[in-house]
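Student: the sequence and its predicted three-dimensional model are supplied below.
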Amino acid sequence: MVEEHTVTNDAARGANVYDVLIMGAGFAGLHGLHRLREDGFRVLALEAAPDTGGAWYWNSYPGARCDVESLVYCYSFSPVIDAEWRWSERYAARDEICQYLQWVATRLDLRKDIRFNSRIAKAHFDKNDQLWHLRTENGEEFLGRHFIASSGPISTPIMPNIPGLSDFRGQMIHTARWPTPGPDFAGKRVGVIGTGSSGTQLIPLVAEQCGQMHVFMRTRNYYMPARNRPLTDEDYEWWYKNRDDVRAKLNRSEISGGGDIMLDEDIAKHPNSTNGIDLRREERFEILEKRWEHGGAMIGYAFRDVIWNPEVNEDVSEFFRKKVHTFVGDAGLAEKLEPGKFPFGTKRPTVGTDFFETFLRPNVSLVDVKASPIERMTEKGVVVAGKEYEIDILILASGFDAVTGALTSIDIRGESGRSLKETWVDGTATFLGISLVDFPNFYMIGGPGSPSVLTNVVRTNEFQVDWIADLLCQMRENGHRIAKVKPEAQQAWADKVEKAATHGFWGKTDSWYVGANVPGKKRQILAFTGGLPAYRKACNVERDSGFSQYGFSHLAELADASVLLS
Ligand code: NAP
């Protein structure tokens, strides 16, 4: 069976033909390559960067660090990796994450099947030969029977929409395209636009190095202290005992994307099992307080119903607003930093170290650009409310065209020749966030309509990789060459995604969750908000049914089968 699908070198076309082509060699791409290769498929991963690391490769700004705990922000599929890797800190810095992925690539001998420095420019499904035709920016061409896009949900940076941006004559750097080596900030005047996760991590570290910093803050977001620290032998002892349980809980959890690691049992149980509304108000605050002391991304996600119960959400939001005062004391400054009046969780909260305290430094000024938006850039700096802030370096921590950007920025075309960008112009509809009508044998990891960014992405990626691999194995066993998702299945899932989003406050706030940060992007919740357990259940039902929502074709049934490679 394997031989039937082990593809030959198509010398006539001067291109290599693979069973599976994978876009991206980050967390999902590496795992996909490993799993499918173990299953006997001939696989090639094409990666734009010179090495693995995924989004982390490019985000090398000072302070770049994962705000999900390292013990759960890593693979669980390999006993070898589990046994041999050890994280140094509670939250891994960007360099350590890259080292981890680079080590995994070497340890599992994946490098020989990865083509680095290979950014895909176009990917077209050719209905004549029923193959995916990929071309890189370097002009190399590859053919594949299946095409998996694991390009990352947060990997396409966007520039802020500010008049005259290109007039600025100083150095301008986006956090997601940080140069190596980075700039020397000593004595420099630095401007920062953006106080999301990236800005929150970067600001304290650059403020320590530079002469003067102006932070142009628009939305005041909910912020939580990470309380980072080295991981000890005792931590690892705990981890080895509880690892399976923590991972199982992550799979069962509706909102616990970060995991609840080393929390007291009575506090840790809440996100999975307790609705805040069933507790007295004092109890809610007591739990939040304990979580605050523990630190980390899960503080605000203490209660299962935080995202749909107004009373619970308001308590959590108020808790964070009040906490600002404990960092900066001074009432005037605290008011300027207090989270805005939007429901907690509808915009990705930030996690960091010394973020609020940084605004107490004499060399840091906070410029409120909510009330008076940035008017324009000049050669020398940033103009707000008629005042020009002169700077030498402008840092743009202005975010990403999330979830869809990495796919629509490439010329991906399905069977009809229509591009993905055109297909999604009025919004995204997918089957399980994985497949798409008119795009046969094409699969997305973390695509729109999957829970991706609202869950622990590494865990959800692993689940999707295995699911897709199971689909491909089943096709091989049955001699099927082409899988096309049924339109009615896609519509039914799109309806579910939309319905789930109405149960919660998601649409209420401008954020990248709904594409509001990209001019012209259809406003729509990009992820499935129904939780990981419901998603896993839907995927498992589909797998157990023999992938009944797909139509499969045998080689002989395909039009003009004579041109097909076999
Ligand atoms: P982001 O959360 O989208 O933040 C972008 C920031 O730029 C916001 O503060 C935004 O203000 C501001 N901005 C954009 N245009 C502006 C303008 N014209 N004027 C003033 N301000 C402007 O982007 P990010 O911080 O890069 O983070 C994106 C996502 O990446 C995160 O939410 C997270 O999921 C992921 N991430 C994760 C980690 C991690 O540790 N795991 C680290 C970094 C990033 P508004 O809010 O008002 O639009």
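Tutor: Structure received.

Student: going by C-alpha atoms from here, please, whenever you check contacts or count neighbours.
Tutor: OK.

Student: where does the protein come near the ligand, residue by residue?
Tutor: 65-68, 154, 160-162, 193-199, 217-219, 348, 397-400, 512 (CA under 6 Å from any ligand atom).

Student: any of the residues you listed buried? List them.
Tutor: Among these, the ones that count as buried by 16 or more other CA atoms under 10 Å are 65-68, 154, 160, 193-199, 217-219, 348, 397-400, 512.

Student: tell me which of the residues you listed fall in helices.
Tutor: Judged by DSSP state H, those include 197, 198, 199 as members of helices.

Student: which non-adjacent residue is nearest the second one?
Tutor: Using CA to CA, 6 or more residues apart in numbering and skipping residues adjacent in sequence, the residue nearest residue 198 is residue 397, 5.9 Å away.

Student: for the one you found, give me the pLDDT.
Tutor: Per-residue confidence at residue 397 stands at 98 (pLDDT).

Student: give me the distance between it and residue 64.
Tutor: Remark: distance between residue 397 and residue 64 (CA to CA, to the nearest Å) = 12 Å.

Student: now the common contact residues for these two.
Tutor: Residues touching both residue 397 and residue 64 (CA atoms under 8 Å, 6 or more residues apart in numbering): residue 198.

Student: so where's the stretch 151-300 of the chain uncertain?
Tutor: Residues of the stretch 151-300 of the chain meeting the criterion pLDDT under 70: 256-259, 264-273.

Student: so where do the strands sit in it?
Tutor: 171-174, 189-193, 212-217, 223-225 (DSSP state E, counting those that start in this stretch).

Student: looking at these, which is closest to residue 536?
Tutor: strand 223-225 (29.2 Å; CA to CA).

Student: what does that closest one contact?
Tutor: Under CA under 8 Å, 6+ apart, the answer for strand 223-225 is 292, 295-297, 299, 320, 339, 349-354.

Student: list the buried residues in that strand.
Tutor: By 16+ other CA under 10 Å, the buried positions in strand 223-225 come out as 223, 224, 225.

Student: ditto for stretch 132-143
Tutor: For stretch 132-143, burial by neighbour count (16+ other CA under 10 Å) applies to 132, 133, 134, 135, 136, 141, 142, 143.

Student: and for stretch 172-186?
Tutor: Applying 16+ other CA under 10 Å to stretch 172-186 flags 172, 173, 174, 175, 176, 177, 178, 185 as buried.

Student: check the separation of the first and last residues in that stretch.
Tutor: 16 Å.

Student: got the contact list for it?
Tutor: With CA under 8 Å, 6+ apart as the criterion, stretch 172-186 contacts 55, 58-61, 155, 157, 159, 198, 206, 209-211, 393-398.

Student: so residue 524 makes contact with residue 517?
Tutor: No. The pair residue 524 and residue 517 does not pass the contact test of CA atoms under 8 Å, sitting 11.7 Å apart.

Student: follow-up on the earlier one: make CSV from the ones in helices among the buried ones among the residues of the chain next to the ligand and add distance to residue 275 to it.
Tutor: Shown next, in CSV, are these (distance: CA to CA, whole Å):
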residue, distance to residue 275
197, 27
198, 31
199, 32
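
Student: show me what contacts the residue lying closest to residue 99 once chain neighbours are set aside?
Tutor: Excluding the flanking residues, the one nearest residue 99 by CA to CA, 6+ apart is residue 53, at 7.9 Å. Listed by CA under 8 Å, 6+ apart, the contact set of residue 53 reads 25, 26, 27, 97, 98, 99, 101, 102.

Student: surely residue 53 forms part of a helix?
Tutor: No. Residue 53 is assigned coil when assessed by DSSP: H, G, I helix; E, B strand; the rest coil, not a helix.

Student: how close does residue 70 sit to residue 124?
Tutor: 37 Å.

Student: what is the neighbour count of the closest residue to residue 493 other than its chain neighbours?
Tutor: Spatial nearest neighbour of residue 493, excluding adjacent residues (CA to CA, 6+ apart): residue 431 at 5.7 Å. Other residues near residue 431 number 27, with proximity taken as other CA atoms under 10 Å.

Student: quick check, pLDDT for residue 431.
Tutor: 98.

Student: tell me the phi and psi of it?
Tutor: Note on residue 431: backbone dihedrals following degrees, to the nearest 10 are phi -100, psi 110.

Student: any idea what it is bridged to?
Tutor: As for beta bridges, residue 431 partners with residue 435 under DSSP bridges.

Student: distance-wise, check it relative to the ligand.
Tutor: 23 Å (CA to the nearest ligand atom, to the nearest Å).

Student: ok now stretch 77-84, how far from the chain's centre?
Tutor: Chain-centre distance of stretch 77-84: 23 Å, with CA atoms, centre = their mean, to the nearest Å.

Student: listing request: residues of the stretch 1-150 of the chain with sub-threshold pLDDT.
Tutor: Counting by pLDDT under 70, the stretch 1-150 of the chain has low-confidence residues at 1-15.

Student: which stretches of it form strands?
Tutor: 9-10, 15-23, 43-46, 114-115, 120-126, 131-136, 141-149.

Student: which among those is found nearest to residue 253?
Tutor: Taking the strands of the stretch 1-150 of the chain one by one with CA to CA, strand 141-149 is closest: 26.0 Å.

Student: ok, and what's touching the closest one?
Tutor: 15-24, 130-135, 407, 441-445, 481.

Student: again, only using 7 Å
Tutor: 15-23, 131-135, 441-445 (CA atoms under 7 Å, 6 or more residues apart in numbering).

Student: quick check: angle from it to strand 131-136?
Tutor: Relative orientation of strand 141-149 versus strand 131-136 (axes from the mean of the first three to the mean of the last three CA atoms, to 10 degrees): 100 degrees.

Student: ok so, going back, which residues are in contact with each of residue 524 and residue 517?
Tutor: With contacts defined as CA under 7 Å, 6+ apart, no residue is shared by residue 524 and residue 517.

Student: run a quick neighbour tally on residue 239.
Tutor: Neighbours around residue 239, by other CA under 10 Å: 16.

Student: what ranges do the helices span in the stretch 451-566 of the chain?
Tutor: Along the stretch 451-566 of the chain, counting by DSSP state H, counting those that start in this stretch, helices occupy 457-478, 487-502, 532-544.

Student: so the first one versus helix 532-544, what angle?
Tutor: In other words, helix 457-478. For helix 457-478 against helix 532-544, the angle by the same axes, to 10 degrees is 10 degrees.

Student: contacts for helix 457-478?
Tutor: So helix 457-478 is contacted by 1, 27, 28, 32, 36, 73, 74, 75, 445, 446, 452, 481 (CA under 7 Å, 6+ apart).

Student: got JSON lines for these, with neighbour count too?
Tutor: Formatted as JSON lines, these follow (neighbours: other CA atoms under 10 Å):
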{"residue": "1", "neighbour count": "10"}
{"residue": "27", "neighbour count": "27"}
{"residue": "28", "neighbour count": "30"}
{"residue": "32", "neighbour count": "28"}
{"residue": "36", "neighbour count": "21"}
{"residue": "73", "neighbour count": "21"}
{"residue": "74", "neighbour count": "21"}
{"residue": "75", "neighbour count": "19"}
{"residue": "445", "neighbour count": "28"}
{"residue": "446", "neighbour count": "29"}
{"residue": "452", "neighbour count": "28"}
{"residue": "481", "neighbour count": "23"}
